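Below: sequence and its predicted model.
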Amino acid sequence: MKIDISTIIKNVGKSIHVREKIPAKQFKNEEFKLAEGSFVDVDLTFSNLGTIITVKGSIEADLILNCSRCLIEYPYHLSVFIEEDFYNQSNLVADYIEEKQLDSNDLRTVYYSGEAIDLFDMVRENILVNIPIKPVCNEACKGICPQCGRNLNEEDCRCRNEKIDLRLEVLKKLLPDEDKSK
Ligand SMILES: [Zn+2]
Ligand SMILES: [Zn+2]
């Protein structure tokens, strides 16, 4: 999905407004999962400010994440606010992309080549870098017991209690005999 920015590249002060609803099913084999039947909402304005093209707006997506504590899937609404600049030197940038290895610091040059911006790439990269590193289904999520593997949000287990009891036993043994008699 390319956004043709040739008209704004040539006209300083010109801008275009892009509003797209991209169906989730168009994002296949991604490193993230979108809610089935949802849409990625794109609302961006590209403006030519002379030496730079600016992009401002938002990308919103309904993701399905895995909780880092209890591992269950849960829905997560992602809102990304974008404010980026591209150098308005189309040919230079295109040459640069071919020589350069892709890495996260070069995202903004990657989806801008020649006189078009790859909206799809731009959306994908912006979703990827904004997904929480340690997602939690709920701040109060108790996670999974490392010993018996039970989901502690659904049921309690006795592992932790047993561990505490054990520690008490050890402590008692460490106390001098006179203390025990009190
Ligand atoms: Zn959880
Ligand atoms: Zn347990």
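Cool, got the structure. Ligands and ions are numbered 1, 2, ... in the order given.

C-alpha only now, for contacts and for neighbours.
Noted.

what's the pLDDT at the closest residue in space to residue 81 that isn't next to it in sequence?
Once flanking residues are discounted, residue 81 sits nearest to residue 58: 4.5 Å by C-alpha to C-alpha, 6 or more residues apart in numbering. Looking at residue 58, its pLDDT reads 97.

Could you report the distance from residue 58 to residue 13?
21 Å (C-alpha to C-alpha, to the nearest Å).

More neighbours: the two, which one.
Ranked by neighbour count (other C-alpha atoms under 10 Å), residue 58 and residue 13 place residue 58 first, with 18 against 12.

The residue nearest to the spatial centre of the chain and residue 40: what is the separation?
The structure's the chain has its C-alpha centroid closest to residue 131; by C-alpha atoms, centre = their mean the separation is 1.5 Å. Note on residue 131: its distance to residue 40, by C-alpha to C-alpha, is 14 Å.

Also residue 117?
Residue 117 sits 17 Å away from residue 40, going by C-alpha to C-alpha.

For the residue nearest to the centre of the chain, give me its contacts.
Under the criterion of C-alpha atoms under 8 Å, 6 or more residues apart in numbering, the neighbours of residue 131 are residue 78.

Could you do residue 64 as well?
32-35, 73-76.

Show me the shaky parts of this structure.
Residue ranges of the chain with pLDDT under 70: 88-115, 160-167, 177-182.

Could you list the domains of it?
2-130, 144-182 (automatic domain parsing).

all strands for the chain, in order.
Assigned by DSSP state E, the chain shows strands spanning 2-4, 15-23, 33-34, 39-48, 52-66, 73-87, 112-113, 116-118.

which of those strands is buried the deepest?
Highest mean neighbour count among the strands of the chain (mean count of other C-alpha atoms under 10 Å): strand 112-113, with a mean of 22.

Can you give me the neighbour number for the closest residue to residue 141 other than its chain neighbours?
Using C-alpha to C-alpha, 6+ apart and skipping residues adjacent in sequence, the residue nearest residue 141 is residue 153, 6.6 Å away. Using other C-alpha under 10 Å, residue 153 is surrounded by 12 other residues.
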